[in-house]
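**Q** build me a structure from this.
(chains A and B)
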Amino acid sequence: MDGKVDLGERVEAAALSKDMVGQSVTVAGWLQDTRNLGGIAFLLLRDRSGIVQVTCLKKKLGDETFAKMTGIPRESVVAITGELKSNDQVSSGFEILPTSYALIAESAAPLPIGVTDKVGVELDTRLNNRFMDLRKPQVLAIFKLRDILVRGMREYLVSQGFLEVTTSKIVAAGAEGGSTLFPIKYFEQQAYLAQSPQLYKQMLMGAGLDRIYELAPAYRAEQSDTVRHIAEFASLDIEMSFIKSEEDVMNILEGLMVHSLEAVLKEGKRYLEELGVEVAVPQTPFPRVTLAEAVGMLAKAGLEVKGDLDTEAEKKLGELMMAAHGAEMYFITKFPVEIKKNTFYAMHDSADPSLTNYFDLDYRGEELVSGGQREHRINVLISQMEAIGYDPKDFEFYLQAFRYGMPPHGGFGLGIERVLHMMLRLPNIRECVLFPRDMYRVVP
RNA sequence: GCCCCGGUAGUGUAGUGGCCUAUCAUGAAGCCCUGUCGAGGCUUCGACUCGGAUUCAAAUUCCGACCGGGGCGCCA
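**A** Residues are numbered from 1 along each chain as shown, chains lettered A, B, ... in the order given. Model (predicted):
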């Protein structure tokens, strides 16, 4: 019975049901565990959809086949054809009695990390053996939820008339200065990996595309070694024209978060359970506090903040917003020019020139999004560049788009992994990247 | 980049100068067991990151390198 399995007949474990009892079925996947009781053995076969039990009877299979099947190393790829049989002694209510099997790819032993072992594994070790780490259902669940979340975001943006675009990740100039750019050799020229699609998004507003979004990697050469920073992250950027103020952008962002988290709740229940986390869809409108108000709230709570919120203040504000508004998500608005000084493209507040029309969206004390209304008047834009010592000549390709009719516009950049990090309450953001890149890790 | 902490079997750990021929769990190899689902029982295997120093004696102290963890700054 060895080797006679037709993979064309293969069904996923989750597709099996009691309705199919009596039928011959073929499954294939990784042999998670073998429990050999002597005359009977239970093989647990796992694929991405779930686990199915294959029950081997020594009497029925013969000593030789029984020994072969129960001797297959854990995590080998195996295909099995057999009869689906109802049995209340199995937690799923059914099992497969094999009629033939194929050992497709035998696994080496011992495993670099156990898939089901009852010992902890450090994140670093897990990431070094990510292919095996991802075989764990609770690790896979993170990426299933990521898929659902991102799909929910796309659905919403499409419903709001946004066009998906892709801009180059190879750039000659950054949006926020050179220190955080990764230099690359581009044929005979100096180029960089894009830290943000910012300048291109705005040029597309000048092109008249009106509403666009891009989901693409962003690269930051910041020397940030924390549980919420990575050198390469997935950034969802949107830009929209003919806005009255940054409020229009914030409204889209609220809709985006609500719609995508609803999708997670609706379609991702099983994966949330796998991870043991509960997710709440935020109520709209999200609370809004100006940065000055936030600083006041923190002062009242006994935390003195000067300038921008530091990490401690950010976390504390998360607690205060929960206590005051029951809100996990909230906007911090009207960032002072002083804090946004490198953001030369930020529109300043017409009512108070020391402030900008810029906001952050925070989720339980962690920054998820930064955005605002951009400066579309080229003379103002140039003077803001010059004010921080940038040479407009270096941005000529960008400024050209402002000379021939640039509508008022705004947008934001959202860190996908930041959303997952906070939504799933994961200890480290690296857990929600398949192959994370940080200051020290380039492999795998 | 700065501050603090750590590196012991494949994995996760105990061990603060001699009691270490290094603990426990998990795992691997083998044996027993016809209803397991964190299966159980028995046997065996497997480790002190590297280099230098101190000492009669170093997993343990000191120095350096490499690797990792936590926090900060900065940001998505």
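**Q** now do the contacts for the residue in the stretch 201-350 of chain A that RNA strand B sits nearest to.
**A** As assessed by C-beta to the nearest atom of the strand, RNA strand B sits closest to residue A:310 within the stretch 201-350 of chain A, at 2.6 Å. Bear in mind the C-beta positions are built from the backbone N, C-alpha and C, glycine included. Contacts for residue A:310 (C-beta atoms under 8 Å, 6 or more residues apart in numbering) come out as none.
**Q** check it and give its pLDDT.
**A** Note for residue A:310: predicted pLDDT of 90.
**Q** and residue A:388, by the same measure?
**A** If you check residue A:388, the pLDDT there is 87.
**Q** again with residue A:179
**A** Residue A:179 is assigned 64 on the pLDDT scale.
**Q** chain neighbours aside, what residue packs nearest to residue A:278?
**A** For residue A:278, ignoring the flanking residues on the chain, the nearest one in space by C-beta to C-beta, 6 or more residues apart in numbering is residue A:272 at 7.0 Å.
**Q** near RNA strand B, which residues of the stretch 101-250 of chain A show up?
**A** For the stretch 101-250 of chain A, the residues in contact with RNA strand B (C-beta under 7 Å from any atom of the strand) are A:109-114, A:117-125, A:176, A:180, A:196, A:220, A:222-231, A:233, A:235.
**Q** hmm, who's touching stretch A:125-139?
**A** For stretch A:125-139, contacts defined as C-beta under 8 Å, 6+ apart pick out A:30, A:46, A:75, A:111-113, A:115-116, A:121, A:140, A:143, A:274-275, A:430-431, A:434-436, A:441, A:444.
**Q** one more: stretch A:101-110?
**A** Outside of stretch A:101-110, the residues within contact range by C-beta under 8 Å, 6+ apart are A:1-5, A:28, A:30-31, A:69, A:72-81.
**Q** please list only the buried members of those residues.
**A** With burial judged by 16 or more other C-beta atoms under 10 Å, the buried subset of these is A:1, A:5, A:28, A:30-31, A:69, A:72, A:74-75, A:77-81.
**Q** dump those residues into CSV; add pLDDT and distance to residue A:148 as well.
**A** As requested, the buried ones among the contacts of stretch A:101-110 are exported to CSV (pLDDT from 0 to 100; distance: C-beta to C-beta, whole Å):
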residue, pLDDT, distance to residue A:148
A:1, 60, 40
A:5, 87, 33
A:28, 97, 25
A:30, 97, 24
A:31, 97, 29
A:69, 96, 37
A:72, 96, 34
A:74, 95, 30
A:75, 97, 27
A:77, 97, 27
A:78, 97, 30
A:79, 97, 29
A:80, 97, 30
A:81, 96, 33
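**Q** restricted to helices, list the residues you listed.
**A** Judged by DSSP state H, the buried ones among the contacts of stretch A:101-110 include residue A:69 as members of helices.
**Q** from the buried ones among the contacts of stretch A:101-110, pick the one nearest RNA strand B.
**A** Minimum separation from RNA strand B among the buried ones among the contacts of stretch A:101-110 (C-beta to the nearest atom of the strand) is found for residue A:74, which lies at 4.4 Å.
**Q** list the contacts for the residue nearest to the closest one when sequence neighbours are not counted?
**A** By the measure of C-beta to C-beta, 6+ apart, the closest residue to residue A:74 outside its immediate chain neighbours is residue A:31, 6.0 Å from it. With C-beta under 8 Å, 6+ apart as the criterion, the residues that contact residue A:31 are A:43, A:44, A:45, A:46, A:72, A:73, A:74, A:75, A:76, A:77, A:78, A:107.
**Q** ditto for residue A:419
**A** A:149, A:363, A:368.
**Q** same question, residue A:205
**A** Shown in contact with residue A:205 (C-beta under 8 Å, 6+ apart): A:239, A:240, A:241, A:376, A:401, A:406, A:407, A:409.
**Q** let's see it at 6 Å
**A** With contacts taken as C-beta atoms under 6 Å, 6 or more residues apart in numbering, residue A:205 has the following neighbours: A:239, A:241, A:409.
**Q** just name the closest of those to residue A:286, please.
**A** For residue A:286, the nearest member of these is residue A:239. The distance, counting by C-beta to C-beta, is 20.5 Å.
**Q** identify the bridge partners of that closest one.
**A** Counting by DSSP bridges, residue A:239 forms beta bridges with residue A:212, residue A:411.
**Q** contact partners for residue A:170?
**A** Taking C-beta under 6 Å, 6+ apart as the test, what residue A:170 contacts is residue A:191.
**Q** what's the answer for residue A:28, then?
**A** Contact criterion C-beta under 6 Å, 6+ apart gives A:10, A:79 as the residues in contact with residue A:28.
**Q** the strands in the stretch 51-200 of chain A, which residues?
**A** A:77-86, A:94-105, A:163-164, A:170-171, A:182-186, A:189-193 (DSSP state E, counting those that start in this stretch).
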